[in-house]
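>>> structure for this input, please:
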Amino acid sequence: MQLTLERPDHEFFLRGADGQAALVNDRRIERSFVLAPNRLVEDWAVGEVRSLTIEDLEPLFALEPELIVLGCGATQAFPPAATLAACLRRGVGLESMTNAAAARTFNVLAGEGRRVVAGFVLGA
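Numbering: from 1, shown residues only. Predicted coordinates:
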């Protein structure tokens, strides 16, 4: 049997993530960041999902997503209801999950060509 390595059609993919770090392509990142299939925004100034504001999401909205995947760290947490409602008013879905689950979800959606943007909270 011949095996062939297939690279995704997008520039950035996640090899894994936990509450302290993520591996984007071959680079270890240890500070919160934002990721789109073709864009990496480092040093996202978010340290706690439970106090996430709509202003905190502006760097993600700037990338024009249809869906935001929010990696909350090692354990699942949810942003305030007002923040979730503001996303819905903009027509953008927001799914909150652990960083490990968010990494897998981002890769699947990006591989399908979806307009997904992920925000990963690290060190929380």
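
>>> mind checking the longest helix of this protein?
helix 99-111 (DSSP state H).

>>> what helices and strands are in contact with it?
Contacts defined by 3 or more CB pairs under 8 Å, 6 or more residues apart in numbering; DSSP states H and E place helix 99-111 against strand 14-17, strand 67-71, strand 116-120. The C-beta positions use only the backbone N, C-alpha and C, and glycine is treated the same way.

>>> hmm, 10 Å instead?
On a contact count with 3 or more CB pairs under 10 Å, 6 or more residues apart in numbering; DSSP states H and E, helix 99-111 meets strand 14-17, strand 22-24, strand 33-36, strand 67-71, strand 93-97, strand 116-120.

>>> what's the neighbour count on residue 111?
Other residues near residue 111 number 15, with proximity taken as other CB atoms under 10 Å.

>>> for it, give its distance to residue 65.
To residue 65, residue 111 is 16 Å away according to CB to CB, to the nearest Å.

>>> again with residue 77
Taking CB to CB as the measure, residue 77 falls 20 Å from residue 65.

>>> which one of the two has more residues nearby?
Regarding residue 77 and residue 65, a neighbour count based on other CB under 10 Å identifies residue 65 as having more, with 22 against 18.

>>> just say helix, strand or coil for the more buried one.
Assigned by DSSP: H, G, I helix; E, B strand; the rest coil, the conformation of residue 65 is coil.

>>> who are the contact partners of it?
By CB atoms under 10 Å, 6 or more residues apart in numbering, the residues touching residue 65 are 36, 57, 87, 90, 92-94, 109, 114-118.
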